[in-house]
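Novice: Give me a model of this one.
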Amino acid sequence: MIRAKFLAITAATLAVGLTACSPGGSGQQSAQNNAQPIVQDSAGSSAAPLPSDQSGEAPESSAVQEEKPSGQEDAQPDTSAANNECKARDLQLSFGESDGAAGSVYQPLIFTNSSDRTCVMQGFPGVSYVGGDDGHQIGAPAFRVGKKGDVISLAPGGKASALIKFVTVENYDSGECQLEPAKGLRIYPPHDTASMFIPFDYGQNGCANPNMGDHNQLTVQTVQAGVAQ
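Specialist: Sure thing, here's the model as predicted:
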């Protein structure tokens, strides 16, 4: 009789232990809490926090971004061309002929290969207004419009261009915009961290307020061969 009671108590104890380790307990909840957050791309460049084991860059999204702020660098071009890219030291800047539209002006920014080697370009340049004696950035950089173009090969003396839209910022609310005279544009060639400067030979204002919502003071298209029209 004593041996039978002892076996019954032992069996009950084992059953309780197995139940505590079954799926649906605290172990499953802990795994959910440790799941990595999803990074979401948007035109506003907002993203969820990065996983703790990654440094600096969010994973690329498969979605095509039709419009986003132009930064100093674009995504790297095809591997075969990456080692022969046109850098700031290889290029000279100039403006093409402007074309006015309601409330804005379109003007090509021209890159001329001034080096003695053939180099390639692909993607969007970084574009922003600069002002003051210190060359500080005025407001938000240009928004990228459209898709990244194909790789362009530039022989010495060859030209490529990116079409820039200059919005007439004087049409914005002056208090919100915070008008500031711009001396020119700071330009980053695609995939380059070295900047270039092209001055204006006419009066041009920018919005010092970098948070103008959907009111983009500048937009830029991808680099294309020749001079954009």
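Novice: Could I get the average pLDDT for stretch 139-150?
Specialist: On average, the pLDDT along stretch 139-150 is 97.
Novice: got it, and stretch 219-229?
Specialist: 93.
Novice: now do the same end-to-end measure for that stretch.
Specialist: One end of stretch 219-229 sits 15 Å from the other (CA to CA, to the nearest Å).
Novice: List the buried residues for that stretch?
Specialist: By neighbour count on 16 or more other CB atoms under 10 Å, the buried set for stretch 219-229 is 219-224, 228. The C-beta positions use only the backbone N, C-alpha and C, and glycine is treated the same way.
Novice: Among those, which one lies nearest to Cys119?
Specialist: Val223 (12.2 Å; CB to CB).
Novice: Among the buried residues of stretch 219-229, find me the one that's closest to Ala140.
Specialist: Using CB to CB, these come closest to Ala140 at Thr219, 10.8 Å.
Novice: how near is the closest one to Asn83?
Specialist: Here the criterion is CB to CB, to the nearest Å. By it, Thr219 lies 30 Å from Asn83.
Novice: hang on, the earlier thing: and which of the buried residues of stretch 219-229 is nearest to Phe166?
Specialist: Thr219 (8.9 Å).
Novice: What distance do you get for the closest one to Ser153?
Specialist: 26 Å.
Novice: Same question for Pro141.
Specialist: Taking CB to CB, one finds Pro141 at 27 Å from Ser153.
Novice: contacting residues for Phe124?
Specialist: 70, 74, 144, 148, 162, 190, 220-223 (CB atoms under 8 Å, 6 or more residues apart in numbering).
Novice: Dump those to TSV, plus distance to Gln137 and secondary structure.
Specialist: TSV is the format used below for these (distance: CB to CB, whole Å; DSSP: H, G, I helix; E, B strand; the rest coil):
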residue	distance to Gln137	secondary structure
Ser70	12	coil
Asp74	18	coil
Arg144	17	strand
Lys148	23	coil
Ala162	18	strand
Pro190	19	coil
Val220	15	strand
Gln221	21	coil
Thr222	22	coil
Val223	21	coil
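Novice: which stretches of the protein have low pLDDT?
Specialist: For the chain, applying pLDDT under 70 flags the ranges 1-82.
Novice: Thr168 - how many residues pack around it?
Specialist: For Thr168, the count of nearby residues is 14 (other CB atoms under 10 Å).
Novice: I figured it hits Gly100, correct?
Specialist: No - in this structure, Thr168 is not within contact of Gly100 by CB atoms under 8 Å, at 9.4 Å.
Novice: Please name the residues that touch the nearest residue to Asn211 once chain neighbours are set aside.
Specialist: Sequence neighbours aside, Ala140 is the residue nearest to Asn211 in space, at 7.6 Å (criterion: CB to CB, 6 or more residues apart in numbering). By CB under 8 Å, 6+ apart, the residues touching Ala140 are 69, 128, 207, 210-212, 216-218.
Novice: Mind doing that once more with 10 Å?
Specialist: 69-70, 128-129, 206-212, 215-218 (CB atoms under 10 Å, 6 or more residues apart in numbering).
Novice: secondary structure class for Phe124?
Specialist: What DSSP: H, G, I helix; E, B strand; the rest coil gives for Phe124 is coil.
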